[in-house]
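Novice: please find the sequence and the predicted model below.
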Amino acid sequence: MRDKLDVIMDEIIERHKRNRRSNSEFGSEDLVDVFLRVQEEGNLKYPITNDSIKAVLYDLFIGGTETSLTTIDWAMVELLRRHEAMAKAQAKTLRLHPPAPVLPRACINEQVIDGYTIPAGQKLLFNIWAMQRDPRYWKDPEKFEPERFENSSVDFLGGDHQFLPFGGGKRMCPGMTFGTTTVESVLAQLLYNFDWKLPAGVVRAQDVDMIESNGITAARKDNLFVVATPYK
Ligand code: HEM
């Protein structure tokens with residue numbers, strides 16, 4: 001898989017080298033054009049290699065696909081389980097189902113938190129999945145309730161620490177706007193054009209298996225089978 005992706009990344013870089021776009025006033029360069037320009041200018045303390053460019057592209061492909069897909073899948077399942085919520089559906093699924101459930105960090109200086117000493121250099125994992133379901137901060141935490149955000153200032157921009165589906169601080173997700181736009185536009189298209197129901201007699205809404213798969217992203221383990229009826 002990695003070798004195949006490597007060939008694709010090489011091709012992307014070669015294609016950009018052949019068809020260089022210039023840095024016009026409105027910035028017709030894309031990200032790879034910018035990297036190649038800075039690479040050629042060559043005045044950086046830590047030069048950009050083709051491997052660095054490939055690593056960033058890889059990050060964007062990985063970070064930008066599975067996260068949004070996972071969120072759309074969870075949103076559809078939650079909406080099927082609460083059919084009346086479909087009408088006012090919003091992509092608030094991220095509170096119950098953050099696709100990246102644990103975030104890695106390393107401690108720069110020694111810190112004491114809740115009586116625990118965390119030494120400098122210690123690697124930590126933040127369980128945002130658990131924080132977003134913590135009854136100290138959320139009423140009926142397990143309930144899928146898009147309305148709970150209607151009269152609330154709590155948001156996922158990184159300032160409300162009980163709700164961090166895009167992380168926070170310097171390493172916060174750079175694709176947040178792209179991700180939310182993708183999820184909202186796909187969900188809007190799906191919900192505007194079709195009524196969605198579970199196949200009759202196959203499984204009851206409350207019996208849909210909501211278990212997560214193991215992995216870096218917390219996707220739903222089961223595949224989703226639904227019946228779509230186009231609105232006239
Ligand atoms: C629903 C959609 C998405 C969710 C929930 C999501 C979530 C996250 C989270 C939790 C992190 C770690 C942040 C931290 O450690 O503080 C992250 C990092 C990242 N995301 Fe996203 N993401 C989404 C969409 C995207 C998209 C569309 C892209 C790019 C096209 C993207 C690119 C990245 C990259 C490159 C990083 C690493 C940033 C770094 O380490 O400095 N993500 N994302």
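Specialist: That came in fine, so what should we check first?
Novice: so which residue is dead centre in this structure?
Specialist: For the chain, the residue nearest the mean C-alpha position is residue 67 (3.6 Å; Cα atoms, centre = their mean).
Novice: secondary structure element for residue 188?
Specialist: Element membership for residue 188 (DSSP states H and E) is helix 176-193.
Novice: show me which positions of that helix end up buried.
Specialist: Buried residues in helix 176-193, counted by 16 or more other Cβ atoms under 10 Å: 179-180, 182-184, 186-187, 190-191. Backbone N, C-alpha and C define where each C-beta goes, glycine included.
Novice: pretty sure residue 225 contacts residue 199?
Specialist: Yes: Residue 225 lies in contact with residue 199 (Cβ atoms under 8 Å); the separation is 6.1 Å.
Novice: who in the protein is up against the ligand?
Specialist: 59-60, 63-64, 67-68, 71, 94, 99-100, 103, 165-168, 171-175, 178-179, 183 (Cβ under 6 Å from any ligand atom).
Novice: inside strands: which ones of those?
Specialist: residue 103 (DSSP state E).
Novice: is residue 220 bridged to anything, and to what?
Specialist: Beta bridges link residue 220 to residue 212, judged by DSSP bridges.
Novice: that should have said residue 123, apologies.
Specialist: residue 106.
Novice: tell me who's in contact with it.
Specialist: 104-107 (Cβ atoms under 8 Å, 6 or more residues apart in numbering).
Novice: got a PyMOL select line for the buried ones in the residues of the chain next to the ligand?
Specialist: In PyMOL, this line selects whichever of those come out buried by 16+ other Cβ under 10 Å:
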select buried, resi 63+64+67+68+71+94+99+100+103+165+166+167+168+173+175+179+183
